[in-house]
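J.: Please find the sequence and the predicted model below.
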Amino acid sequence: MTSFRVTFLCDSFYFEFNEAQGKIIDLFPAGGGGNRKGKSKKWKQMLQFPHISLCEELRQTTEKDYGSLCERQPIGRLLFRQFCETQPELRRCVKFLDAVVRRVPQCALGAFFCFKTRSQSWGASGTLNCVFSFRGILIHDYLSVAPFADYLDSMYYNRFLQWKWLERQPVTKNTFRQYRVLGKGGFGEVCACQVRATGKMYACKKLEKKRIKKRKGESMALNEKQILEKVNSRFVVSLAYAYETKDALCLVLTLMNGGDLKFHIYHMGEAGFDETKAIFYAAEICCGLEDLHRERIVYRDLKPENILLDDHGHIRISDLGLAVHVPEGQTIKGRVGTVGYMAPEVVKNERYTFSPDWWALGCLVYEMIEGQSPFQQRKKKIKREEVERLVREVEEEYSSKFSEDAKSICKMLLAKDPTARLGCQGGGASEVKGHPIFRSMNFKRLQAGMLQPPFVPDPQAIYCKDVLDIEQFSTVKGVELDPKDESFYSKVSTGSVPIPWQNEMIETECFTELNVFYEDGLVSRDLDWRGQPSPTPKHGLLQRLFGRQLKPQRNSDGARSPKNVTVQYLCSAVPTRLESHKI
């Protein structure tokens with residue numbers, strides 16, 4: 001299949017051309033869009049702030065927590081910073097914290113609230129870092145009292161409430177433009193979509209309601225949604241929105257255009273990676289597992305096809321359908337996963353906590369270097385029972401592709417006894433990071449997103465299946481939906497997820513363009529308590545049906561003519577859109 005780039009309707013698009021059929025089979029946006037960058041012409045109307053008087057309920061119900069309002073929420077962090085910039089003393093505090101972030105890069109993950117939670121681990125990095133973190137704690141203790149109270153009475157906090165009001169607006173299929181099928185999930189197709197207001201591209205994982213009900217997959221679907229919502233990691237796909245249509249529940253996730261590791265291992269030349277490349281990906285996967293385990297979540301389905309590359313070449317863990325929460329101080333049991341990647345304790349149906357994930361990391365490191373799984377040869381049919389016997393009883397073999405360090409980490413991760421396995425002796429991810437193979441890896445910079453990946457995907461290449469090769473789902477028959485299912489649907493379709501939504505507003509520059517406090521030297525009308533909210537304009541039938549504002553014609557003298565309004569409709573062919581993708 002060949003791809004080439006053209007300009008279409010003033011936006012950049014890719015045409016996907018199938019040589020065998022000799023025709024264009026798909027169309028998808030590739031950024032661009034002029035100054036709007038994919039935004040709707042009416043994006044400012046879609047994101048219009050409510051009058052501050054309409055946010056009083058939010059003011060009463062929002063918990064006044066410094067860590068949440070001033071750090072964990074990206075827009076809250078920016079607005080609190082803008083507030084601090086208005087006072088010289090507070091400005092100096094912010095500048096010092098910026099210096100700490102430059103000195104200790106992992107602070108960039110959460111500069112304000114991370115000081116107290118991470119200061120002990122920083123001590124090992126040197127006395128100076130420890131001093132920086134201690135002073136950071138003192139500054140945050142100071143900022144969280146009187147300055148925070150003043151912030152809550154300021155117009156900057158009022159603006160934050162307006163953003164929260166927008167964040168909580170209903171999400172429907174009309175929030176997005178829908179594009180082509182990218183791949184398949186367990187309960188339905190994965191399609192590309194674009195937020196109309198911001199132009200941000202996502203992957204929409206559709207969970208067909210009838211298919212969920214037929215397979216009794218309600219708890220699995222809800223579990224995946226809740227875990228995705230809980231985890232905020234640069235190494236795990238993010239859930240940005242969750243909504244429902246008549247036929248499906250829709251999870252809107254990070255779009256990963258670089259393909260999955262399975263494609264890169266087996267379809268980009270000779271099977272496997274050089275050791276440097278494999279170890280970089282292993283380090284990022286280790287960080288992703290660390291973030292999951294910190295939330296007491298065991299992943300249980302680590303394999304190459306579930307590791308996706310973004311546009312810059314960084315990886316994210318995807319498909320958390322088998323992930324589960326491990327209660328503090330307890331173990332769990334479950335014979336789940338993918339044959340060839342399940343740990344011996346899982347195969348034997350024994351109890352465990354996080355050990356299966358470190359075993360699977362060993363399988364993945366081995367496969368990235370060798371170009372084949374340690375217990376299952378590619379494209380060779382072996383019975384499940386035989387694969388499980390190999391996992392339980394047989395030691396893996398190492399070729400000349402493995403250095404001593406690479407062989408060592410694989411052997412330690414693939415220890416049959418979980419109590420002897422690397423990562424399972426009390427230190428978790430720290431044990432794995434401490435292996436000699438990572439001696440040159442700066443994990444602080446890696447976790448802050450400051451390291452350059454060994455491979456950057458070509459934005460004009462397609463790293464996955466032809467759209468025509470994606471097998472379609474069959475129609476579900478014999479299943480009827482009833483009102484009792486609505487309770488489950490309401491638990492899944494909860495709208496926008498705060499942190500990803502706020503990041504979207506910032507990344508697409510909507511925050512910068514809309515966050516205006518003064519107009520002609522006066523406080524913005526939506527923040528002026530003396531004003532009243534503007535009445536909602538009434539829309540005619542045609543506008544409700546077609547979403548267009550009808551403008552009355554003018555007479556020859558320029559006066560409006562209220563009668564005999566002629567409405568013209570511009571029709572154009574709109575093909576299906578976007579590149580193949582696995583999620």
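T.: Yep, it's here.

J.: Just the pLDDT at the residue most central in space within the chain, thanks.
T.: What sits nearest the mean C-alpha location of the chain, by C-alpha atoms, centre = their mean, is Ser238, with 2.2 Å. pLDDT recorded at Ser238 is 95.

J.: State the distance from it to Tyr299.
T.: Using C-beta to C-beta, to the nearest Å, we find Ser238 at a distance of 16 Å from Tyr299. All C-beta spots, glycine's among them, are computed from the backbone N, C-alpha and C.

J.: Run through this protein and note the low-pLDDT ranges.
T.: Low-confidence segments of the chain (pLDDT under 70): 1-36, 103-134, 464-474, 476-477, 532-583.

J.: Residue for residue, what is the longest helix it has?
T.: helix 275-294 (DSSP state H).

J.: immediately after it, which helix or strand?
T.: Moving toward the C-terminus from helix 275-294, the next helix or strand (DSSP states H and E) is strand 297-298.

J.: And the longest helix of the chain, what does it pack against?
T.: In terms of contacts (3 or more C-beta pairs under 8 Å, 6 or more residues apart in numbering; DSSP states H and E), helix 275-294 is packed against strand 315-317, helix 355-370, helix 404-413, helix 429-433, helix 443-447.

J.: Adding distance to Val101, write the ones you listed out as CSV.
T.: Shown next, in CSV, are the helices and strands packed on helix 275-294 (distance: least, C-beta to C-beta, whole Å):
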stretch, distance to Val101
strand 315-317, 23
helix 355-370, 30
helix 404-413, 31
helix 429-433, 21
helix 443-447, 11
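
J.: quick one, which of these is packed in tightest?
T.: helix 355-370 (a mean of 26; mean count of other C-beta atoms under 10 Å).

J.: Okay, angle between that one and helix 404-413 too, please.
T.: Taking axes from the mean of the first three to the mean of the last three C-alpha atoms, to 10 degrees, helix 355-370 and helix 404-413 form an angle of 150 degrees between their directions.

J.: Give me the helices and strands touching helix 355-370, please.
T.: For helix 355-370, the elements it packs on are helix 261-266, helix 275-294, helix 344-347, helix 404-413, judged by 3+ C-beta pairs under 8 Å, 6+ apart.

J.: and the angle for that helix with helix 275-294?
T.: Using the same axes, to 10 degrees: helix 355-370 against helix 275-294 is 170 degrees.

J.: mind exporting helix 355-370 as PDB, just the C-alpha atoms?
T.: C-alpha atoms of helix 355-370 as PDB (Å, rounded to 0.1, in the frame of the first residue of the first chain):
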ATOM      1  CA  SER A 355       5.100 -10.700  40.000                       C
ATOM      2  CA  PRO A 356       3.400 -11.700  36.700                       C
ATOM      3  CA  ASP A 357       4.200  -8.200  35.300                       C
ATOM      4  CA  TRP A 358       8.000  -8.600  35.900                       C
ATOM      5  CA  TRP A 359       7.900 -12.100  34.300                       C
ATOM      6  CA  ALA A 360       6.200 -10.600  31.200                       C
ATOM      7  CA  LEU A 361       8.800  -7.800  31.100                       C
ATOM      8  CA  GLY A 362      11.500 -10.500  30.900                       C
ATOM      9  CA  CYS A 363       9.600 -12.200  28.000                       C
ATOM     10  CA  LEU A 364       9.300  -8.900  26.200                       C
ATOM     11  CA  VAL A 365      13.000  -7.900  26.600                       C
ATOM     12  CA  TYR A 366      14.000 -11.400  25.400                       C
ATOM     13  CA  GLU A 367      11.600 -11.100  22.300                       C
ATOM     14  CA  MET A 368      12.900  -7.600  21.500                       C
ATOM     15  CA  ILE A 369      16.500  -8.800  21.300                       C
ATOM     16  CA  GLU A 370      16.100 -12.300  19.900                       C
END
